[in-house]
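> build me a model:
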Amino acid sequence: MGGAAILFFPQKALYWYGVIFVAHDIRTIDLLAAGAFDQALAALYPNRDTAGCRARYIQAAQQFAALFGKEPVVLISAPGRAEIGGNHTDHQRGRVLAAAVDLDVLCVAAPNGQGVIRVCSEGHPPAEVTLDDLRPQAVEQGHSAALVRGVAEWFRLRGHAVGGFDAYTVSEVPGGSGLSSSAAFEVAVGNLLAALYGGDVTPADIALAGQYAENRHFGKPCGLMDQMVSSVGGLVQIDFSQPEAPDVRPVPLTALSGLGLCITNTGGSHADLTPAYAAIPEEMGRVAALFGASTLREVPKGDFYQALPRVRAQAGDRAALRAMHFFADNALVARQAEALSQGDTAGFLDMVVRSGRSSLAYLQNVFDSSRPREQGLCLALAVSERLLDGRGAWRVHGGGFAGTIEAFVPDALLPAYRAEMDALFGPGACRTLPLRAAGGVRIRPRQNQTI
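Below is the predicted model of the structure:
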């Protein structure tokens, strides 16, 4: 982004911060350059060159200093996530299987003591939120300021300290990629508040704050999976039957040895798709309401199928099919986790494919019916089946309708698979993503470092 970022508010930088950036005052940059953070960076990014990671953080810290005229004192990393099992099950208090990936939102920040949060994100207009009134603002809906305000309000409503800070963020998680760039941003903001102002805040708390911000402020009725995985990290099975205290259980990765997790961005636009996303929880909730419940997790599966004629008549065919998907996919998650725990790779891959076919036929979230010419997800799934049938697995990834699919590809087939996907959807469309053990974290320097 370079110096162009200053153009976001060139004069305000002088009035707000009252100082000019002087390189020798930037202690954090000196520590980064001296390698004080290298041990933490090597642990956080084991699949990368530490020198490259260091350079990335130095560049972010320098940009922060240029924008705000002071040194950052906190470095935060929050990862994107890949959904492995359980498609649109979380908002019905179901189960999911998901993993943090080695793409993140990097955030550098410092307190400002001014009762305002200012966040400048690379490539985006700055967001500014005053802390005297944290109620939702209609003009912010759909913008990053709504997410910042929502996380801060959640903290305050639960008695946690909230204060002003300045922050600069750089994201590797592509927007609209299905890798949860918004959740990573929310988790980064939550970790910043916890790091700067303390309080007994857990990773689960930060995830709940992110979901609150997205639901109440941003205007998207998402579940909790994205925020929870970004905040907790690793490969986990999450049971949301108790939404305020979800059961998070780590799952071993050994059964995935020899397989690459490929995410292919089909290039479809997410513009104007919020109604399509929102219709899924609305229709599932409509079915649950027929049984006096608020979510499908509260409805016995046998009762649902016994009442299917009534469900069809009162909620509609698509709502009934989407409920059928929930019951099947929710049960499948536990079996997938068990297969991974027992080293049953073939069984796991078979269930990934079954889950994806359920999303295609029953959940119906692989294309927007109002755009019949745009079916990139269906095309990517069809090509993946041709290339991987009997040797890997493929499914829609995330919310659906546009964006990405995922595939588990044997190492020997990775070059050919990526080449065919890139030829179809553009260079770099298919990426192999290592999984990440850590969730949202504050990165600290090595103790007793001298420069």
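> what pLDDT does the residue nearest to G219 when sequence neighbours are not counted get?
Distances taken as C-beta to C-beta, 6 or more residues apart in numbering put Q141 closest to G219, at 4.4 Å, once the chain neighbours are dropped. Every C-beta, even on glycine, is put in place using the N, C-alpha and C of the backbone. At Q141, the model reports a pLDDT of 92.
> same thing with the one 3 residues further on?
pLDDT for S144: 94.
> number of nearby residues for it?
21 (other C-beta atoms under 10 Å).
> list the contacts for L340?
Neighbouring residues of L340 by C-beta atoms under 8 Å, 6 or more residues apart in numbering: 235, 251-253, 255-256, 348.
> no, scratch that, I was asking about N265
N265 sits next to 174, 177-178, 403-404, 425, 429-431 when contact means C-beta under 8 Å, 6+ apart.
> ok, now how distant is it from E172?
Between N265 and E172 the computed distance is 13 Å (C-beta to C-beta, to the nearest Å).
> got the phi and psi for the spatially most central residue of the chain?
The centroid of the chain falls nearest to S180 when counting by C-alpha atoms, centre = their mean (2.7 Å). Phi and psi for S180, reported as degrees, to the nearest 10, are phi 70, psi 60.
> assess the claim that it and A78 are in contact.
No: with contact defined as C-beta atoms under 8 Å, S180 does not reach A78; the gap is 9.8 Å.
> by contact count, what packs against the helix or strand containing A40?
Assigned by DSSP states H and E, A40 belongs to helix 38-44. When contacts are defined as 3 or more C-beta pairs under 8 Å, 6 or more residues apart in numbering; DSSP states H and E, helix 38-44 sits against helix 50-68.
> dump the residue contacts of V353.
393-395.
> so how far is G198 from the nearest residue to G85 once chain neighbours are set aside?
Counting by C-beta to C-beta, 6+ apart, G85 lies nearest to L97, which is 3.5 Å off, once chain neighbours are set aside. The spacing between L97 and G198, counted by C-beta to C-beta, is 33 Å.
> who's more crowded, the two?
L97 (29 against 10).
> helix or strand right after whichever strand or helix holds G210?
Per DSSP H and E, G210 falls inside helix 203-212. The first helix or strand that comes after helix 203-212 along the chain, using DSSP H and E, is helix 225-232.
> keeping just the C-alphas, turn that following helix into PDB.
Coordinates of each C-alpha in helix 225-232 appear next as PDB, following Å, rounded to 0.1, in the frame of the first residue of the first chain:
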ATOM      1  CA  MET A 225     -18.600 -21.000  13.500                       C
ATOM      2  CA  ASP A 226     -16.400 -18.500  11.600                       C
ATOM      3  CA  GLN A 227     -15.600 -16.400  14.600                       C
ATOM      4  CA  MET A 228     -15.000 -19.400  16.900                       C
ATOM      5  CA  VAL A 229     -12.600 -21.100  14.600                       C
ATOM      6  CA  SER A 230     -10.600 -17.900  14.000                       C
ATOM      7  CA  SER A 231     -10.500 -17.200  17.700                       C
ATOM      8  CA  VAL A 232      -9.700 -20.700  18.900                       C
END
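> tell me who's in contact with the residue nearest to A438 when sequence neighbours are not counted.
With C-beta to C-beta, 6+ apart as the criterion, A438 has its nearest non-adjacent residue at 4.6 Å, and that residue is G233. Contact analysis of G233 by C-beta under 8 Å, 6+ apart lists 79, 100, 436-441.
> could I have the buried ones of the residues you listed as ChimeraX selection syntax?
In ChimeraX syntax, the buried subset of those is picked out as below (16 or more other C-beta atoms under 10 Å):
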select :79,100,436,437,438,439,440,441
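> quick one: which of the contacts of G233 sit in strands?
In strands, defined here by DSSP state E, the members of these are 79, 100, 441.
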